[in-house]
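Asker: No letters, just coordinates:
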């Protein structure tokens, strides 16, 4: 059985209790903040180098350098714009209009 989940973008307040508050964090602010995060990780990597590693994703037991973490975040961000990109948990992101992007989980 395939389940479908949707997160719709509204240019003001959220229409569900799941995402309280301003929905701009799922809209125009989301990408630039992630880009700033990636740049910060790359700057920190240039200082700390290969010896400093963090768990990515948190709690996974898998350790990566800050450069590798920046690459992982970049890959995930790019995946939101690619058609039928598989998610880490086996789900599949399907492209569509920004107002109704869906993630399908289950047998693929």
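Answerer: That came in fine, so what should we check first? All of these numbers come straight from a predicted model, not from anything done at the bench.
Asker: Have a look at this protein and report the helix or strand with the lowest mean pLDDT.
Answerer: strand 101-105 (a mean of 47; mean pLDDT, DSSP states H and E).
Asker: what stretches of this structure score poorly on pLDDT?
Answerer: Applying pLDDT under 70 to the chain picks out residues 7-27, 83-108.
Asker: next SSE after the longest helix along the chain?
Answerer: Criterion DSSP state H: the longest helix present in the chain is helix 30-48. Using DSSP states H and E, the helix or strand that follows helix 30-48 towards the C-terminus is strand 53-55.
Asker: Can you point out the buried residues in the helix or strand following that next one?
Answerer: Downstream of strand 53-55, the next assigned helix or strand under DSSP H and E is strand 63-65. Buried residues in strand 63-65, counted by 16 or more other C-beta atoms under 10 Å: 64, 65. Backbone N, C-alpha and C define where each C-beta goes, glycine included.
Asker: Residues contacting strand 63-65, please?
Answerer: 45, 49, 50, 52, 53, 54, 55, 56, 72 (C-beta atoms under 8 Å, 6 or more residues apart in numbering).
Asker: Stretch 40-54 too?
Answerer: 63, 64, 65, 66, 67, 69, 70, 73.
Asker: closest to residue 2 among these?
Answerer: Distances from residue 2 to the contacts of stretch 40-54, taken as C-beta to C-beta, are shortest for residue 73 (27.7 Å).
Asker: if I pick that closest one, what's in contact with it?
Answerer: 34, 37, 38, 41.
Asker: For those, which single residue is the most surrounded?
Answerer: Counting neighbours by other C-beta atoms under 10 Å, the top entry in these is residue 41, with 21 neighbours.
Asker: For residue 71, see how far away that one is.
Answerer: Here the criterion is C-beta to C-beta, to the nearest Å. By it, residue 41 lies 9 Å from residue 71.
Asker: swap in residue 48?
Answerer: Taken as C-beta to C-beta, the span from residue 48 to residue 71 is 16 Å.
Asker: For those two, indicate the residue with more neighbours.
Answerer: The neighbour count for residue 48 versus residue 71, taken as other C-beta under 10 Å, is higher for residue 71 (16 against 13).
Asker: Quick one: buried ones out of the contacts of strand 63-65?
Answerer: Judged by 16+ other C-beta under 10 Å, buried ones among those: 45, 56, 72.
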